[in-house]
Structure formats: C-alpha cells, structure tokens
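# Kindly generate the corresponding structure for this input.
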Amino acid sequence: MEHALEIEQLFVSYLGNQVVKDITFSVKKGSLVGIIGPNGAGKSTLMKAALNLISKDKGDIKIFGEPLKKWKKNIAYVPQRSDIDWDFPITVIDVVLLGTYPKLGLFRRPSKNDREWAQECLKTVGMENFSGRQIGELSGGQQQRVFLARALAQKAELFFLDEPFVGIDVASEETIINILRDLKKEGKTILVVHHDLSKAESYFDHLLLLNQYMIHYGASEEVLQPEVITKAYANQFSFLQPKGVNVTS
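Now for the predicted structure:
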C-alpha cells in the first residue's frame, strides 16, 4: 500500500536543545493516526518539522514518495488555537475561503464556485449560519470547526491537526472526529496531535507514542498497553487500565 508520509531519522532542535530525536516511521494512505506523548515530548514540533514550518537538524521527509514541495497544495494544516490571532478582523467565510487559495494560482481571486464550495464546507461542520461573523466572536469549539472547514475547502489528500480537541465543547469534538472518520473512509490520510489517552483507541486506528524519541508506532490497542505507555509517561500518572490510561495527559 502506498505511504502518504515517510519520515526517516528526523532530528529537530529548539533554542539549542534537541527535542525530536531520531524519529523514523511511515503512514499508509487512508490512515487516521494520533500522535501522543507527555507534555514536552515534541509532538507539535514533529508535526511542524514534517510540514517544513520549522527547520530540522537532519532527516528525510517524503509525501506520497516525493519531496514535500511537490505535494504542498494537497496538504491541509490546522494549527493549535493558541497559535492563531483571534483578534484579526476576518469573517468566518473568508477564513474558509483561504483554503481555496493554494490551488487558485497567483493573482486569482475566489470565484462564485469557490464561495459556494466554502459555504458547503461550513455546512459540513455545522457552521453555515455563522459565515458573516468575525472569527474572534465564536466559541473555542466553533473556531475549531471553522478551521476544519478551511482545511476541507482545500480538497487536500493529507491533513495535519495540532491538538484540535483542546478547549472545545463535546458537540464540536464529536462533529470533528466524525468528519475525520469520513475523510478516512474517502481515502484521505489524517495525523492528529492528541492529549486525551482515554479516547485515543476509539478515535485512531494507529498511534505514534513519542517522548522526544519514538517509543512505539502501531495499532492503537497495541500502543495503549500499559507496558508500552509507561515507557513514555513514567510516573506522570498512578493507575492504568488494561486498554489504556483513564487520564488526560
């Protein structure tokens, strides 16, 4: 089966300290993968390095067997909410329209069809009635849904989401995970930085367990075995259950 993402011997430093060390793994096309690990494990750093948003010390990254630049227009990225300026004066529909820009080309503006598609994406995430709102007026869950709509508008093949479930309501979380499952059924590949271990097995078919080094990568039920998970989390929690950890890291 074709690999959507291949990372080999990736090393990344931050402020002079190496925070991602010798990471090698590959993700098959059509997978829904959670990236888990304790705070400071390098989860977001790994994702940003894979997208060339930050520089790496060394390592090889391929998208569908080719260099990243050949697939950039077909990769959608949803950053952490804390990385976004919510005071920027932009409406919901204009945020979603930004997803159409990578494939428009230079000096082209969104067409009527693009606007209709953006509205359809808002409908998919249940936000079609908020298109004229300023993005900062929305709740955390609503904001996250809008940014997922922007990713959908891009018609990407590979999706990266960094902590999409942090600080949002239950309804928004259910909406988002159901959309991600639908994308997987369509053959899309999704990687998600995730923190809640209690939901990891039900959300993802594969997990990458990270603590600067890669601890384990495999099927969710395999990674969430106590003897595996404790290698990353050590003494950060005091009890385990057979299928994982009933705590949030």
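
# contacts and neighbour counts: CA atoms only from here.
Will do.

# can you give me phi and psi for the most centrally placed residue in the chain?
Nearest residue to the geometric centre of the chain (CA atoms, centre = their mean): Leu161, 1.6 Å. The phi and psi torsions at Leu161 (degrees, to the nearest 10) take the values phi -130, psi 130.

# Just the pLDDT at it, thanks.
We have a pLDDT of 97 for Leu161.

# Can you identify each of the strands in the chain by residue range?
Defined through DSSP state E, the strands belonging to the chain, from first to last, are 3-14, 17-28, 32-36, 58-63, 66-67, 75-78, 158-162, 189-193, 206-211, 213-219.

# With respect to Gln142, which of these lies nearest?
Across the strands of the chain, Gln142 has its closest neighbour in strand 75-78 (13.7 Å, CA to CA).

# The closest one - which strands sit beside it in the sheet, and in what orientation?
Applying DSSP bridges, strand 75-78 is found paired with strand 158-162 (parallel).

# List the backbone torsions phi and psi for Arg133.
Main-chain torsions, Arg133, degrees, to the nearest 10: phi -70, psi 150.

# burial of it, as a residue count?
As a burial measure, Arg133 scores 15 neighbours (other CA atoms under 10 Å).

# and if you look at Asp57?
Quick note: Asp57 (other CA under 10 Å) scores 13 neighbours.

# Tell me the pLDDT of it.
Predicted confidence (pLDDT) for Asp57: 95.

# so what's it up against?
Taking CA atoms under 8 Å, 6 or more residues apart in numbering, we find Asp57 in contact with 10-13.

# Name all residues that make contact with the residue nearest to the centre of the chain.
By CA under 8 Å, 6+ apart, the contact set of Leu161 is 77-80, 190-193.

# and those, which two are the farthest apart?
Gln80 and Ile190 (15.5 Å).

# which of these two has more neighbours?
Ile190 (25 against 16).

# beta partners for the more buried one?
As for beta bridges, Ile190 partners with Leu32, Phe159 under DSSP bridges.

# relative to strand 189-193, how tilted is the lengthiest helix in the chain?
Assignment by DSSP state H gives helix 170-185 as the longest helix of the chain. In terms of direction (axes from the mean of the first three to the mean of the last three CA atoms, to 10 degrees), helix 170-185 departs from strand 189-193 by 140 degrees.

# on that earlier part again, out of the strands of the chain, which is closest to Asp169?
Of all the strands of the chain, strand 158-162 sits nearest to Asp169, with 16.7 Å by CA to CA.

# what angle separates that closest one from strand 3-14?
Using the same axes, to 10 degrees, strand 158-162 lies at 40 degrees relative to strand 3-14.

# For Lys62, which non-adjacent residue is closest in space?
Of all residues not flanking Lys62 in the chain, Glu6 sits nearest, at 5.1 Å (CA to CA, 6 or more residues apart in numbering).

# Low-confidence ranges, the chain, go.
Within the chain, the ranges that satisfy pLDDT under 70 run 1, 104-108, 235-249.

# so what's Ile90 up against?
Neighbour list for Ile90: 134-135 [criterion: CA under 8 Å, 6+ apart].

# phi, psi of it?
Backbone torsions for Ile90, taken as degrees, to the nearest 10, come to phi -140, psi 140.

# Please tell me how far it sits from Asp83.
Distance from Ile90 to Asp83, counting by CA to CA, to the nearest Å: 16 Å.

# Out of the contacts of Leu161, flag the one nearest to Glu157.
Of all the contacts of Leu161, the one with the least separation from Glu157 (CA to CA) is Ile190, at 8.6 Å.

# What is the neighbour count of Phe204?
Using other CA under 10 Å, Phe204 is surrounded by 23 other residues.
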